[in-house]
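[1] Take this sequence and fold it.
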Amino acid sequence: MTVNDSPAERRTTTGAAAAPCPQHDPPTTPARTTPRHDAGEDAGEDAERGRIIARLADQQRSMGRLFARDRSMPLLASTLTMQQLKVVMFLSFAGSASGQELARFLGVGLTTVTGIVDRIVAQGLARRHEDPHDRRVRRVELSEDGRRLTSEIIEAGTGGYVRLLRRLDTETLRTMETVMRKIEDAMRDMHADDDDGA
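    Residues are numbered from 1 along each chain as shown. Presented below is the predicted three-dimensional model:
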């Protein structure tokens, strides 16, 4: 009688298959772990970001001073106060606004807004009219002179910027385009967050 000595074929007295003989498992490679950043590395990166942001802010202020030396810019020739200019530029984008909307935009009371609009109207840059949907509401919109002024301000700023960009090499312009797209996306996200929190 032939005896099968295969471990898998051996039977116990109960007829159950015997446990296979222990075999050596192949060596296992230790699992890779994701490198962990400690608090020191995070603090160092935060500090570096802070220094870079501070330098960029300084450069922005320096560029603003250089642009301000161009006395031909219509913004510098204007006699508008800062609050009046804010209203004029807001109207150039919004088309028209009520006193309440302007008050919210400026963060001031309605009485203050009325005085600001009075002076803009007196300079011929804006006019008031009834809201076609609610005759109790008076809306403010730019006059032809107001639209011309805001157009000149925007075009002058763009023109100076284009003259500056023409002095840069193509590779720098490509890098700037990429960076500006990221800045624009960040601005959209920031404004969306502000709108959600309002």
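[2] What count of nearby residues applies to residue 92?
    The local packing of residue 92 (other CB atoms under 10 Å) involves 17 other residues. C-beta coordinates here come from the backbone N, C-alpha and C atoms, glycine included.
[3] before we move on, what about the one 4 residues further on?
    By other CB under 10 Å, 15 other residues sit near residue 96.
[4] Leaving out the residues flanking it, which one is nearest to it?
    Excluding the flanking residues, the one nearest residue 96 by CB to CB, 6 or more residues apart in numbering is residue 141, at 3.9 Å.
[5] Can you name the residues bridging to that neighbour?
    Using DSSP bridges, the beta-bridge partners of residue 141 come out as residue 96, residue 127.
[6] That one: neighbour count?
    Residue 141, neighbours per other CB under 10 Å, totals 16.
[7] From residue 64, how far off is it?
    Distance of residue 141 to residue 64, given as CB to CB, to the nearest Å: 30 Å.
[8] Same question for residue 83.
    Here residue 83 is placed at a distance of 19 Å from residue 64 (CB to CB).
[9] what about those two, which has more around it?
    Neighbour comparison, residue 83 and residue 64: the larger count goes to residue 83, with 17 against 9 (by other CB under 10 Å).
[10] In terms of helices and strands, where is the more buried one?
    Under the criterion DSSP states H and E, the helix or strand holding residue 83 is helix 82-94.
[11] Could you give the average pLDDT over that helix?
    If you average the pLDDT over helix 82-94, you get 92.
[12] cool, and stretch 104-114?
    Summarised as a single mean, pLDDT over stretch 104-114 is 92.
[13] For that stretch, output the C-alpha coordinates as CSV.
    Backbone C-alpha positions of stretch 104-114 (Å, rounded to 0.1, in the frame of the first residue of the first chain) are rendered in CSV as follows:
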residue,chain,number,x,y,z
ARG,A,104,-23.4,100.1,2.6
PHE,A,105,-20.5,100.3,0.1
LEU,A,106,-18.8,103.1,2.0
GLY,A,107,-19.7,101.9,5.4
VAL,A,108,-21.2,105.3,6.4
GLY,A,109,-24.6,106.7,7.3
LEU,A,110,-27.2,107.8,4.7
THR,A,111,-26.8,111.5,5.7
THR,A,112,-23.1,111.3,4.9
VAL,A,113,-23.8,109.7,1.5
THR,A,114,-26.3,112.4,0.7
